[in-house]
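In: this is a predicted model, with the sequence first.
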Amino acid sequence: MRRSRGTTAVEFALLLPVFLFVTWAGFELMWVMYVRGGVQHALQEACDGAWRVTVEDDQLAGRAEDLMADMLLDVRHLRCDGDCLVGALWESTPERLVCEVEVPVPGILPWSRTGVGLLRSVAPDRWVLRTVSVRGQQ
């Protein structure tokens with residue numbers, strides 16, 4: 001009969017890092033998707049809001065950019081620190097407003113400015129999110 005003393009401890013030591021890595025990667029992915037949803041919602045609200053507060057078409061893009069900048073400050077867990085870029089383009093045919101924002105990808109850890117290392121190799125450091133708002137469809 002072979003001795004199997006200590007095999008459980010060795011198997012545990014081999015599998016624990018893999019389990020922790022997969023668990024941490026899952027939490028980080030969920031966190032990133034949560035913050036991305038908040039940014040996308042703020043972008044859509046700001047782009048739609050420009051129609052409600054501006055009557056002149058030539059002021060739409062500027063007003064949308066101001067609203068996007070203000071709403072990004074309210075997105076929880078997004079740290080811009082001057083890194084968030086906003087832009088809007090008014091197209092007259094058809095009447096629509098194209099809004100775009102570029103933000104750093106957030107990480108779970110507070111000291112992680114643009115994401116932690118687990119997903120950095122498969123995900124970019126910055127997001128570019130775009131939405132289109134058509135007059136009369138807000």
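Out: Nice, thanks for sending it over.
In: hey, let's count contacts and neighbours off CA atoms from now on
Out: Fine.
In: and the spatially most central residue of the chain, its phi and psi?
Out: Centroid check for the chain by C-alpha atoms, centre = their mean gives residue 36 as the closest residue, at 2.8 Å. Main-chain dihedrals, residue 36, degrees, to the nearest 10: phi -60, psi -40.
In: read off the pLDDT value for it.
Out: The model reports residue 36 with a pLDDT of 83.
In: also residue 9?
Out: pLDDT at residue 9 comes out at 89.
In: centre of the chain to the one helix or strand it maps to, how far?
Out: Using DSSP states H and E, residue 9 sits in helix 7-53. Chain-centre distance of helix 7-53: 10 Å, with C-alpha atoms, centre = their mean, to the nearest Å.
In: who are the packing partners of that helix?
Out: Using 3 or more C-alpha pairs under 8 Å, 6 or more residues apart in numbering; DSSP states H and E, the elements in contact with helix 7-53 are helix 60-74, strand 96-104, helix 117-120, strand 126-134.
In: for residue 51, find the nearest of the ones you listed.
Out: Counting by C-alpha to C-alpha, residue 51 lies closest to helix 60-74 out of those; the figure is 7.0 Å.
In: how about the next helix or strand after that closest one as PDB, C-alpha atoms only?
Out: Downstream of helix 60-74, the next assigned helix or strand under DSSP H and E is strand 85-91. This file holds the C-alpha atoms of strand 85-91, laid out as PDB (Å, rounded to 0.1, in the frame of the first residue of the first chain):
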ATOM      1  CA  LEU A  85     -12.700  63.400 -22.700                       C
ATOM      2  CA  VAL A  86     -16.200  64.400 -24.000                       C
ATOM      3  CA  GLY A  87     -17.300  65.300 -27.400                       C
ATOM      4  CA  ALA A  88     -20.500  66.000 -29.300                       C
ATOM      5  CA  LEU A  89     -21.300  66.400 -33.000                       C
ATOM      6  CA  TRP A  90     -24.600  67.900 -34.300                       C
ATOM      7  CA  GLU A  91     -25.700  66.400 -37.700                       C
END
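In: need the residues that contact strand 85-91.
Out: Applying C-alpha atoms under 8 Å, 6 or more residues apart in numbering, the contact partners of strand 85-91 are 57-58, 60-62, 64-65, 68-69, 96-103.
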